[in-house]
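# Give me the fold of what follows.
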Amino acid sequence: MIRVLVVGNAVLFRSALATTLANEHDLDVVGELDGAGDLGATTADVAVVDMDSVPAGVGPAAYQGRTPRRAVVVISTEQAPIHGRCVRAHHVRGVVAKDSGLEQLLRAVRGVAAGERVVERAQSGSAGLAAGNPLTEREIEVLRRAADGQSSARIADDLGLTIGTVRNYISTIIRKAGVRNRLEAVRTAGRAGWL
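Next up, the predicted model:
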């Protein structure tokens with residue numbers, strides 16, 4: 001089970017998010033805190049933080065608590081500035097735009113718990129990405145390596161993943177691109193400017 005802590009001052013949003021996450025078979029919501037709460041006593045593996053509702057001047061680092069291995073997933077409507085600050089922070093391994101879907105948030109929580117860095121972009125696109133790009137940064141990284149002719153085993157070795165995880169990424173990429181196989185996904189992504 002992945003132990004999750006939900007943090008934010010917007011009580012209704014925080015409670016709804018905690019309830020939704022708790023309904024997942026592999027997630028255990030171990031607590032909810034307002035933005036000024038003490039994280040030291042919690043045993044969460046992942047802190048999901050609503051950055052739009054925490055006190056001014058409090059950065060994502062505060063929500064790692066005293067647990068060095070705890071990963072932080074940030075949720076925000078201000079995707080571009082949050083993304084820029086968070087991807088440079090070691091403890092923040094997940095960034096999710098508020099207009100992303102539940103699937104993207106769940107992928108981020110599970111991904112960071114597995115040691116990955118997951119950046120889910122806003123559905124409307126974000127600076128630096130081709131418009132309409134549905135792929136996450138990790139999916140783009142996997143697809144770029146596939147485009148270079150690397151096997152799933154080589155990609156897994158290079159990125160520190162299992163072969164099964166790489167295959168799952170490729171299946172997700174194929175589904176998102178609306179194609180039938182890996183080669184078509186590379187071609188479609190190349191034409192669309194996603195790579």
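# Kindly state the domain boundaries assigned to this protein.
As given by automatic domain parsing, the domain ranges for the chain are 2-120, 137-192.
# Next up, phi/psi of the most centrally placed residue in the chain, please.
What sits nearest the mean C-alpha location of the chain, by Cα atoms, centre = their mean, is A108, with 2.9 Å. As for A108, its main-chain torsions (degrees, to the nearest 10) stand at phi -70, psi -50.
# Tell me if I am right that R93 is in a helix.
No. R93 sits outside any helix when classified using DSSP: H, G, I helix; E, B strand; the rest coil, being strand.
# Measure how buried it is and give me the count.
Number of residues near R93 (other Cβ atoms under 10 Å) recorded here: 24. Just so you know, the C-beta spots here come from the backbone N, C-alpha and C atoms, and that holds for glycine as well.
# isn't it right up against A71?
Yes. Counting by Cβ atoms under 8 Å, R93 touches A71, with 4.5 Å between them.
# any common contacting residues for these two?
V112 (Cβ atoms under 8 Å, 6 or more residues apart in numbering).
# For S171, what is the enclosing helix or strand?
Applying DSSP states H and E as the criterion places S171 in helix 163-177.
# Let's test this: mean pLDDT of that helix, rounded?
What helix 163-177 shows for mean pLDDT is 91.
# Any idea which helix or strand in the chain has the lowest mean pLDDT?
Between all helices and strands in the chain, the lowest mean by mean pLDDT, DSSP states H and E belongs to helix 79-86, at a mean of 45.
# for the regular element (helix or strand) spanning D157, packing partners?
According to DSSP H and E, D157 maps onto helix 152-159. With contacts taken as 3 or more Cβ pairs under 8 Å, 6 or more residues apart in numbering; DSSP states H and E, helix 152-159 sits against helix 137-147, helix 163-177.
# Just put these in CSV and tack on distance to D50 and mean neighbour count.
Converted to CSV, the helices and strands packed on helix 152-159 look like this (distance: least, Cβ to Cβ, whole Å; neighbours: other Cβ atoms under 10 Å):
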stretch, distance to D50, mean neighbour count
helix 137-147, 21, 20
helix 163-177, 26, 17
